[in-house]
Structure formats: C-alpha cells, structure tokens
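Visitor: After the sequence you'll find the predicted model.
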Amino acid sequence: MRVEELLKKTIARDGAAHLTLIDPAKQGAGLAGEMAADAAAAGTTGVMVGGSTRAGGKLLDLAVLAIKKATDLPVILFPASEAGVSRHADAIFFMSMLNSRDPYFITGAQRLGAPLVKEFGLEPLPMAYLVVEPGGEAGRVGKAELIPHDKPGLAAAYALAAQLLGMRFVYLEAGSGANRPVPVEMVKAARDVIDVTLVVGGGIRTPEAAAERVEAGADIIVTGTLVERAADRAKKIAGMVKAVKAVHRA
Ligand code: 1GP
C-alpha cells in the first residue's frame, strides 16, 4: 500500500494517526532500529527520519536501513535540505517552509532534491511546513518568521494557502523539544479552514497534550523526543498512541 493511502486509512479508521520521528544524528543506526521496533510494538503508524543539522549521507542511509530491517513500518523522510533524501526510504515529506525568510527553504532545496526523489522512486507527500514559536532548531536553521502563539489566524491563513497551492499535508511545528507545543486554538483555526491532512508536532510530551490537539482537529501527531529520552519508551509511546486513537473512538 502506498504510504499516503496507509495514513489516510489509519486516520479514517482510528480518527488520527501517530508518527515517530527519529533523527539519525542523535544515535547510531543500531539504536535507531531498536527505537523504531519499540515504536512499532507500541502501535505507531510510521517512522519519520530526519533532523535539522547533520541528518544526511551515510548516517541517514544506515539509519533508514536499520529501521527497515527492524520493522515493517513505512519510513518517511523528513528532510531539512536536499541532503535529507535517501534512496532506501519509502516516502518523503516533500516540504516547503512557507514562513521562511530564505527562498532556499521554500523552493531552493526542493529544486535540488526533486531529481533525487524521482531517481530513487520515493513517494512524494507534498507538505507545507509552518514553524510556530518557539521553533527550536527547525526555526533557527530554516530562518523562520515564527508564527506567534497569539496569532492562530496567521497559521490558518498559511494553512489555507498551502491547500490552495495543492499541498496535501500541513505541518504545524513548534520545534523539537519545544517547551510549549502548538496551541490548541491554533490547531482549531487551521482545521476550520482546511480539509487536507493536518500534522502537529514539537513539544508534545503527554497523552493529554496529544489528545487535546487531536480533539482540536489534528490528523497526525508527531513525537520525537519521547522516543529518544524515555528509558521506558515502549510504554511511553504506547500511552501516546492510545490517547491519539481514543479521541474519536470515545
Ligand atoms: C520535531 O515535531 C517534531 O520536528 C517532534 O518534536 O521532539 O518535541 O517530540 P519533539
């Protein structure tokens, strides 16, 4: 099954999906495989692989291969630049950071990466990447004009622009490790104006925080730090996945 279809089916069946983000620069490939296996056992729908700084080349290829060996989950690239394209993945969030001040992050990296996506036969998932304050490394590296917490309408306008441009995914990102996730009001505001798949991530630490955002209209919740730090990560991810899927079932 194509990855987009799998995501759509999961969202239709469970009300929402959970994706686990693994940054290849933060641990060796062996551990990346173990993390993915735990996430798979916990019920996550897929693994996103990428990072803002050093996630490219051999490091990226080895992580993708280890994850594919350890699980049957689809691997979706989450690139910060054209360096984040690996031939071994299944799909790629083909992203444009619409609120960057630098055209490189809006169309430049995409121009450089597109031929590789075609050559490697990766399934492209066209996505608007919208970075909300505090933004973290993603905001700093991508030179984002951060969307302030008290401007949900601004996020909604970007989200609508993305849909009108033909993008099928909109990602509201607070930045990995953010001390505050994307506000619930902002998720609602974006949901109110778009029909395409709404992804929310950055700083989501608790099942409650994830559930609130699903209730507000998120289709996919992304967590990364949870899988990196938790000693009992399998349990932590299972709690998160359960909360994400319980909202619309209840
Ligand atoms: C970062 O939104 C993701 O791109 C995940 O963030 O590491 O805070 O879960 P966390």
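Guide: All right, it came through fine.
Visitor: Let me see the contact set for V247.
Guide: Neighbour list for V247: G15, A16, A211, V214, E215 [criterion: CB atoms under 8 Å, 6 or more residues apart in numbering]. Heads up, the C-betas are built off the backbone N, CA and C, glycines and all.
Visitor: That one and the ligand: what is the separation?
Guide: Computed as CB to the nearest ligand atom, to the nearest Å, the V247 to the ligand distance reads 18 Å.
Visitor: Is that residue in a helix, a strand, or coil?
Guide: Put simply, V247 is helix when judged by DSSP: H, G, I helix; E, B strand; the rest coil.
Visitor: Now for the contacts of V247, which sits with the most neighbours around it?
Guide: A16 (27 neighbours; other CB atoms under 10 Å).
Visitor: what's the nearest residue to that one once chain neighbours are set aside sitting at in phi/psi?
Guide: Spatial nearest neighbour of A16, excluding adjacent residues (CB to CB, 6 or more residues apart in numbering): V214 at 4.5 Å. For V214, the backbone dihedrals (degrees, to the nearest 10) come out as phi -70, psi -40.
Visitor: Name the residues of the chain found near the ligand, please.
Guide: Neighbours of the ligand within the chain, by CB under 6 Å from any ligand atom: 21, 138, 173, 176-178, 201-204, 222-226.
Visitor: Test my guess that the residue nearest to A16 contacts M240.
Guide: No: between V214 and M240 there is no contact under CB atoms under 8 Å: 10.8 Å.
Visitor: list residues touching both of the two?
Guide: Shared contacts of V214 and M240 (CB under 8 Å, 6+ apart): I221.
Visitor: Please work out which residue of the protein is closest to the ligand.
Guide: G201 (2.6 Å; CB to the nearest ligand atom).
Visitor: what about that residue, how many neighbours?
Guide: By the criterion of other CB under 10 Å, G201 has 27 neighbours.
Visitor: Please tell me the pLDDT value assigned to it.
Guide: We have a pLDDT of 98 for G201.
Visitor: Leaving out the residues flanking it, which one is nearest to it?
Guide: Counting by CB to CB, 6+ apart, the residue nearest G201 is V222, at 3.2 Å.
Visitor: end to end, how far does stretch 197-211 reach?
Guide: Using CA to CA, to the nearest Å, one end of stretch 197-211 lies 17 Å from the other.
Visitor: Tell me where the chain has helices.
Guide: Secondary structure of the chain (DSSP state H): helices at 3-14, 29-41, 57-70, 103, 109-120, 136-141, 152-164, 184-193, 207-215, 225-229, 233-249.
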